[in-house]
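**Q** Build me a model:
(one chain, ligands or ions: 1)
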Amino acid sequence: MTSPTLSPDLLEKMDAYWRAANYLSVGQIYLCDNPLMKRPLALSDIKHLLLGHWGTTPGQNFIYVHLNRIIKKYDLDMIYVSGPGHGGPALVGNTYLEGTYSEIYPDVSQDERGLKRLFTQFSFPGGVPSHVSPECPGSIHEGGELGYSLSHSFGAVFDDPDLVAACVIGDGEAETGPLATGWHSNKFLNPATDGAVLPILHLNGYKIANPTLLARITREELEQLLRGYGWTPYFVEGDEPALMHEAMATALDRVIEEIRQIQHDARVNGVAGRPRWPMIVLASPKGWTGPKVIDGKQVEGTFRAHQVPLSDPAAKPEHLKLLEEWLRSYRPQELFDDTGRLLAELAALAPEGTRRMGANPHANGGILLRDLRMPDFREYAVDVPAPGAPGIGDTVVLGGFLRDVIKLNEKTRNFRVFGPDETISNRLTRVFEATNRQWELPVKSTDDFLAPTGRVMEVLSEHQCEGWLEGYLLTGRHGLFNCYEAFIHIVDSMFNQHAKWLKVTAHLPWRRKISSLNYLLSSHVWRQDHNGFTHQDPGFIGHVANKKSEIVRIYLPPDSNCLLSVMDHCLRSRHYVNVVVAAKHPAPQWLTIDEAIRHCTEGIGIWQWASNDQGAAPDVVMACCGDVPTLETLAAVSILREHLPDLRIRVVNVVDLMKLEPQREHPHGLGDVDFDELFTKDKPVIFAFHAYPWLIHRLTYRRTNHRNIHVRGYKEEGTITTPFDMTVLNDLDRFHLAMDAIDRLPQTGDAGVYLKQQLKDKLVEHRQYIDANGQDLPEVRNWKWSKTE
Ligand SMILES: Cc1ncc(C[n+]2csc(CCOP(=O)(O)OP(=O)(O)O)c2C)c(N)n1
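**A** Here you go, the predicted structure:
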């Protein structure tokens, strides 16, 4: 017979610690007074509004106390990621028990008064949210929107060989697409250079109102599923606390020893190849230790335990009685002394200092953040002897710059590029002169750029790319997500959650700022002519613009030098979400590097070389934002200037979209005077925009001249066609833009009417030509900006 992992004394203490955490959890959901139950429970001790989630909480408390033990036993550097973050009371309670909570929030002190505050503040106006929100120490993952715990955990441990992320996964959460794919992250984890993720699948059997799939398939099926994903699952199953403590302790010792062995083999013995990492399946009742039956219905071990089981003690006296029995079942007088402090012998079970999961610096990544070493982006500049010089593709140029960011930070291993199989397609290929794609599976001689270590992370799951990158940033590193513009929408919701996280943490003084989340969106709407309609969607920036202005930045650099300047700025920035939309195809270049720096620093400006309104008011402002709109605008301007030479035209280019918003709405916003100077107070503005036109209206609706702003952009017309035809289909082409100007300039008279007729004819000619030849008119393909005096 093997000797037990836990001595009777330790088991008893751990059970007491668990009871303390459960007591604090129930207290947080229900109580606003009488925190130590020194007197009989009265209705006045109970909050008016009962909010929170009990069901997941006791299981997470159980996990936490057991993780505390192994952290101490093995001196682990461990963080806790709570997939079902609605178990907020568990994490708040445990960080309180270990002391970190009171260190950060001294008012929630380790005494009766502090306990009362801890209870009252939970899910209470002016208090703390019910999830594992940014306010909760030790959290990098709120777990409000379910599905991302595994990808965040993997992101956290990449390049951090000593870190272990204990990742509690709800069995409901496991039904989501992101989580289901997240299991595959083990194919990207290098045991020598990365840390470890310990998934703990919390199989409590139920979601809000339904059983979970993983709990109802046979154990054999579940085990095969997890093995199929490459894990070795260890099952800890039951409801009898003493047996469960012993089983959990034994399983945890085993998995930690396996993790250590895997790491030792890879790091010391030079064992190569993908290991089979261990994980735990904890099958315990939902709402464990809570009321078993309420109003004649089974609650413990069912979906009914999900939220607040005794929801109306004011109306039902028997509920008050049950609640009192429930709270007293944890025997608080045996856990806390008379002043309300956790007994010293129990407090000693928690790890110390920064080994406490609530105080682990990885969960407050800004503490660990180091600046990137940056190459001088000017050295990658393209030569632009005159506007319209040929380019090689803006992202191609950026690739060289990113390659050297990778090189310069190779030693510190704190920068990665993420993408769903598109880094080459987005033409950042030069990064592979310095690195590979990290990949732990076999590599064939016919493969390109795959290796067990590498700075590029590619998996065909935008969710994983986003989740990995977020985890990487939240733990104090830097990165970039490159993606097709249309498919970044897949992570709309993940972006939402990250932006919310940044907004809240920006106002928590103890949380340090982290590196910005940088999106590079290429293969954009106007140059997805070969993939067609499914690949044409520029809506992400409109979605991003909804978020708090202190957090979001949107850049549309018109050429390579502008892209270099913008990306240098983004990689140095902190605590933003930067969205950069850039082209990958060869396209004309407009600005020298010095001009680009000036233009991007200002974010918006008149392109004097393209304008002829110097010294007088313009007749029309031709504005553009985005590379293709800029090209079409300049082509339209050259038509207008050639045929209507008396017309005074001002060309305004926008790189930083948020310049358009009023200053009071966005820190980048132009003041009204500056805006009126650029766009005039009363002249027509023909605005060619990269994305959906309404966004420009939304951003400028308060501006003086808004009624004269006429926007062309993507209007959901597209197919497989020529690049220029994409603009024609959406009325964004040079001919339409020129006609738009004429329509608003009665002073062009008959000359304008005749020009308009020619332009209409051109559009017919265009259609006939592409239908016959499958490519654009030579005059379109070969068009070059030429200086018009
Ligand atoms: C993406 C997403 N969809 C739906 C919800 C609503 N919701 C909150 S909790 C929950 C059930 C979660 O079940 P599980 O992951 O098993 O957690 P636990 O049982 O531990 O509470 C659902 C569907 C959500 N929070 N996120």
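**Q** can we go C-alpha only for contacts and neighbour counts from here?
**A** Noted.
**Q** Show me which residues of the stretch 151-300 of the chain are close to the ligand?
**A** 170, 171, 172, 173, 204, 206, 207, 208 (Cα under 6 Å from any ligand atom).
**Q** right, and the fifth one touches residue 286 too?
**A** Translated: residue 204. Yes - the pair residue 204 / residue 286 is scored as a contact, 4.8 Å apart, by Cα atoms under 8 Å.
**Q** Now for these two: what residues contact both?
**A** Common contact partners of residue 204 and residue 286 (Cα atoms under 8 Å, 6 or more residues apart in numbering): 56, 301.
**Q** Could you report the distance from the residue of the stretch 201-350 of the chain found nearest the ligand to residue 177?
**A** Residue nearest to the ligand within the stretch 201-350 of the chain (Cα to the nearest ligand atom): residue 207, separated by 3.6 Å. Distance, residue 207 to residue 177, by Cα to Cα, to the nearest Å: 16 Å.
**Q** Also residue 740?
**A** 46 Å.
**Q** Who has more neighbours out of these two?
**A** Neighbours were counted for residue 740 and for residue 177 using other Cα atoms under 10 Å; residue 740 has more, 22 against 13.
**Q** mind checking which helix or strand that one is in?
**A** helix 734-743 (DSSP states H and E).
**Q** Return the set of buried residues in that helix.
**A** Burial within helix 734-743, assessed by neighbour count using 16 or more other Cα atoms under 10 Å, is assigned to 734, 735, 736, 737, 738, 739, 740, 741, 742.
**Q** near the ligand, which residues of this protein show up?
**A** Residues of the chain lying near the ligand by Cα under 6 Å from any ligand atom: 55-56, 84, 144-146, 170-173, 204, 206-208, 306.
**Q** Filter the residues of the stretch 151-300 of the chain next to the ligand down to the buried ones, PyMOL style.
**A** A single PyMOL command selects the buried members of those (16+ other Cα under 10 Å):
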select buried, resi 170+171+172+173+204+206+207
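**Q** Let's have the residues of the stretch 151-300 of the chain next to the ligand in JSON lines, adding secondary structure and distance to residue 17.
**A** Below are these laid out as JSON lines (DSSP: H, G, I helix; E, B strand; the rest coil; distance: Cα to Cα, whole Å):
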{"residue": "170", "secondary structure": "strand", "distance to residue 17": "23"}
{"residue": "171", "secondary structure": "coil", "distance to residue 17": "25"}
{"residue": "172", "secondary structure": "coil", "distance to residue 17": "27"}
{"residue": "173", "secondary structure": "helix", "distance to residue 17": "27"}
{"residue": "204", "secondary structure": "coil", "distance to residue 17": "21"}
{"residue": "206", "secondary structure": "strand", "distance to residue 17": "26"}
{"residue": "207", "secondary structure": "coil", "distance to residue 17": "27"}
{"residue": "208", "secondary structure": "coil", "distance to residue 17": "28"}
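**Q** about what we covered before: contacts only, for the residue of the stretch 201-350 of the chain closest to the ligand.
**A** 171, 172, 303, 306.
**Q** Can you tell me the element the residue lying closest to residue 740 once chain neighbours are set aside falls in?
**A** Excluding its sequence neighbours, the residue lying closest to residue 740 (Cα to Cα, 6 or more residues apart in numbering) is residue 686, at 7.0 Å. Using DSSP H and E, residue 686 falls within strand 685-689.
**Q** which ones are touching residue 696?
**A** Neighbour list for residue 696: 660, 689, 711 [criterion: Cα under 8 Å, 6+ apart].
**Q** Repeat that for residue 577.
**A** Residue 577 is in contact with 499, 516, 517, 518, 519, 551, 552, 553, counting by Cα under 8 Å, 6+ apart.
**Q** can you rerun that using 6 Å?
**A** 516, 517, 518, 552 (Cα atoms under 6 Å, 6 or more residues apart in numbering).
**Q** Surely the first one is in contact with residue 571?
**A** Put plainly, it is residue 516. No - using Cα atoms under 6 Å, residue 516 is not in contact with residue 571; the gap is 7.2 Å.
**Q** These two: which has the busier surroundings?
**A** Legend: neighbour count by other Cα under 10 Å for residue 516 and residue 571, higher for residue 516 (25 against 21).
**Q** what separates the more buried one from the ligand, distance-wise?
**A** 24 Å (Cα to the nearest ligand atom, to the nearest Å).
**Q** What is the burial count for the residue lying closest to residue 251 once chain neighbours are set aside?
**A** Of all residues not flanking residue 251 in the chain, residue 234 sits nearest, at 6.6 Å (Cα to Cα, 6+ apart). For residue 234, the neighbour count with other Cα under 10 Å is 18.
**Q** Check residue 343 too.
**A** Neighbours of residue 343 using other Cα under 10 Å come to 15.
**Q** Let me see the contact set for it.
**A** Residue 343 touches 335, 336, counting by Cα under 6 Å, 6+ apart.
**Q** right, and the helix or strand after the top helix by length along the chain?
**A** As assigned by DSSP state H, the longest helix anywhere in the chain is helix 241-267. Later in the chain than helix 241-267, the nearest helix or strand by DSSP H and E is strand 277-283.
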